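Novice: can't give you the sequence, but here's the structure:
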């Protein structure tokens, strides 16, 4: 059984990426599931100075590097790796951000859960900041008001109320839980489902592509957060500090709502209603 992974690089910190590669290939002393691994590095950086990562001893012969200096964007670059993984006959494919860390049990735990639950097409671990604080990355499908008010409202009370609902603060993470939108920082996917939905929608250069992919996978299978598997994520929230990234984020949100519907999105309303307890409704 082959599990593949892909990391899209862009002027990434080489030392940090080396650590992630080690995390990916590390195997627990008593694995629940025996699996081969292959990792794809798609580099959108202007230069190929990160090419040496393909020759690291930990993944010797199992790391593929491809340089794309035109900067294809997040989803389009990952799609290159997804096609390569398909050609290799991968059963599972994991999309990994270059700013996460995880221990040797994570991939084994997620693979074991997928093997036991054929109805699941996408699964993510529980995500924390490096200092241990949990990140609220399990979310509902966004409404336009969620995006606008949590980002631009001057009222902290309004932002908190929107976030409690949108980020599903009522969730109990004592066991695996189904949610409609999982973060793109670490998406463990069943390749058969990923192929059926066609991978990432390449109209999104960066941002929002994970919402779109979660939603399309959710139409065919379950999307689960598994709290037994835990990772750390730097989560710099670049669009909050960089005007260019903010423009990319806004552009992607507009494309998303143009695709799925702004105020009149019956599917979003139905999906979200399934997860919202009465006391959380706005």
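Specialist: It's in. Quantities reported herein were computed from a predicted structural model and do not represent experimental measurements. Residues are numbered from 1 along each chain as shown.

Novice: Please make it C-alpha for all contacts and neighbour counts, starting now.
Specialist: Fine.

Novice: Determine whether the claim that residue 224 is in a helix is correct.
Specialist: No. Judged by DSSP: H, G, I helix; E, B strand; the rest coil, residue 224 forms no part of a helix; its state is strand.

Novice: Counting neighbours, what do you get for it?
Specialist: Around residue 224 there are 22 other residues, counting by other C-alpha atoms under 10 Å.

Novice: now do residue 196
Specialist: 11.

Novice: Now the terminal residues of stretch 52-69, how far apart.
Specialist: Length of stretch 52-69, first residue to last, C-alpha to C-alpha, to the nearest Å: 16 Å.

Novice: Show the average pLDDT along it.
Specialist: Averaged across stretch 52-69, pLDDT comes to 95.

Novice: Could you do stretch 14-21 as well?
Specialist: The model assigns stretch 14-21 a mean pLDDT of 96.

Novice: What of stretch 97-112?
Specialist: Confidence for stretch 97-112, expressed as mean pLDDT, is 96.

Novice: what sits up against that stretch?
Specialist: Stretch 97-112 has contacts (C-alpha atoms under 8 Å, 6 or more residues apart in numbering) with 7-9, 12, 16-17, 19-20, 23-24, 26-28, 31-33, 92, 123-125, 184-186, 188, 226, 228-235.

Novice: what does stretch 179-192 give?
Specialist: 86, 90-97, 100, 110, 114, 120-125, 137-141, 209-211, 214-215, 218, 223-225, 233, 271-272, 275.

Novice: What residues sit buried inside it?
Specialist: 179-191 (16 or more other C-alpha atoms under 10 Å).

Novice: Among those, which are located in helices?
Specialist: In this view, the buried residues of stretch 179-192 that belong to helices under DSSP state H are residue 191.

Novice: Turn the buried residues of stretch 179-192 into TSV, columns for pLDDT and distance to residue 197.
Specialist: Formatted as TSV, those follow (pLDDT from 0 to 100; distance: C-alpha to C-alpha, whole Å):
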residue	pLDDT	distance to residue 197
179	97	18
180	97	16
181	97	15
182	97	16
183	96	17
184	96	16
185	96	19
186	98	18
187	98	15
188	98	15
189	98	11
190	98	11
191	98	10
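
Novice: out of the buried residues of stretch 179-192, which one sits closest to residue 81?
Specialist: Within these, distances to residue 81 taken as C-alpha to C-alpha reach their minimum at residue 191, with 11.8 Å.

Novice: Quickly note the distance from the closest one to residue 185.
Specialist: Look at residue 191 and residue 185: by C-alpha to C-alpha, they are 18 Å apart.

Novice: what mean pLDDT would you report for stretch 25-44?
Specialist: Stretch 25-44 shows a mean pLDDT of 94.

Novice: And for that stretch, what's in contact with it?
Specialist: Residues contacting stretch 25-44 (C-alpha under 8 Å, 6+ apart): 1-11, 50, 54, 58-59, 62-73, 77-78, 80-81, 103-105, 108-109, 111-112.

Novice: Let's see that with 6 Å instead.
Specialist: 1-10, 62-69, 71, 81, 104-105, 112 (C-alpha atoms under 6 Å, 6 or more residues apart in numbering).
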